[in-house]
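Engineer: next input, structure requested:
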Amino acid sequence: MAWWPAVAAAALVPVAVAVRAFNHTLLANRRVRILGPWTAFRLALAGAGIALFLPAGAADLAKAHYGYRVHGHAEDMIVSSALDKLTSVTAVAVMGAIGAALSGEPVLGAVAISVALVTLVPFAFPGIVPWAFALRLLAPGHEADDAVIRAVTRPPVARLLAVYVVSLAGWLVTYSIVYLCCVAVGARVSFAYVMALAPFTTLARMLPVSVGGLGLGEFTTTALLVSAGVDSALAARASLVAMVALVLLPGAAGVLLLLRGGHSQRTSATSQGNDTRTSTSE
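Structural biologist: Presented below is the predicted three-dimensional model:
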């Protein structure tokens, strides 16, 4: 293994988490300021830690509930967590379409464009999403405010475009890490092709068939690298190194953060804008 690409990949991991966290603040702070840079970074790490133990979907719901318990503002936190996930899928699909065009992979590009279009439906028709039910599930005992839900689910176009741009930047950093992992093990593949495979690897990790998407994501990455002519052994190594960088490193940091605790836990009254807090033990 060439160590300099591996070290460079590891150095980019906190950058990728920071960009992801900043993207969440653009949605969560739409009405009121809930997340600062550091609290958003901690929440992103906590989500990565939760994802090490729960399948996709369940981990996202648990992260949204955790964010509400720590920061309050049920509608803003829970809805923004869902929209953050949705917009990130749109952004990775757009990146995949661009990468497919640059690498001459029309089939991959067509699938990526289809995924991007599907993810726009909840913004075009926000009424189809059962937000009130989600609030009852993730913020038990809290009375959902329909006016706040409508405000959070309809961000201004300028804000939404900023979210997409930041999310796209985050995915470019994330898949730069994957590319560096390929370089580290000697797997020769273009960065454009790594961009093209991004939506498929990301969606594979989101399928609720394994904890954190582990296994399925690596299988998908390996298969797509092999289809590009990479030796199967090198492709598998690249996938495993990328898993360590993108899943295990931030996940381990998140687990330590969750075990340490010591956060301030807001009461359900805070979701209405109250600043009352109850402190947990260190």
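
Engineer: show me the shaky parts of this structure.
Structural biologist: 208-214, 262-282 (pLDDT under 70).

Engineer: for the residue most central in space within it, phi and psi?
Structural biologist: The residue lying closest to the centre of the chain (CA atoms, centre = their mean) is Lys85, at 5.6 Å. When quoted as degrees, to the nearest 10, the phi and psi of Lys85 stand at phi -70, psi -40.

Engineer: what distance do you get for it to Ile128?
Structural biologist: 16 Å (CB to CB, to the nearest Å). For the C-beta atoms, the positions are set from N, CA and C on the backbone; glycine is no exception.

Engineer: do Pro106 as well
Structural biologist: 31 Å.

Engineer: what does Ala51 give?
Structural biologist: 26 Å.

Engineer: hang on, His73 packs against Val32?
Structural biologist: Yes. Contact criterion CB atoms under 8 Å: His73 and Val32 qualify, at 6.8 Å.

Engineer: so these two - more neighbours on which side?
Structural biologist: Legend: neighbour count by other CB atoms under 10 Å for His73 and Val32, higher for His73 (27 against 10).

Engineer: can you count the residues close to Val247?
Structural biologist: Using other CB under 10 Å, the number of residues around Val247 comes to 19.

Engineer: same check, this time on Ala144
Structural biologist: Ala144: 19 neighbours (other CB under 10 Å).

Engineer: need the contact list for it.
Structural biologist: Going by CB atoms under 8 Å, 6 or more residues apart in numbering, Ala144 touches 74-75, 131-132, 135-136.

Engineer: Ala6 now?
Structural biologist: 180-181, 184, 241.

Engineer: let's go with 6 Å and repeat that
Structural biologist: Ala184 (CB atoms under 6 Å, 6 or more residues apart in numbering).

Engineer: how much space separates it from Val241?
Structural biologist: 7 Å.

Engineer: cool, and Val121?
Structural biologist: In terms of CB to CB, Val121 sits 36 Å off from Val241.

Engineer: same question, Val178
Structural biologist: From Val178 to Val241 the distance is 9 Å (CB to CB).

Engineer: these two: which has the busier surroundings?
Structural biologist: Val178 (26 against 23).

Engineer: pretty sure the more buried one contacts Ala196?
Structural biologist: No. Counting by CB atoms under 6 Å, Val178 sits too far from Ala196 to count as a contact (11.6 Å).
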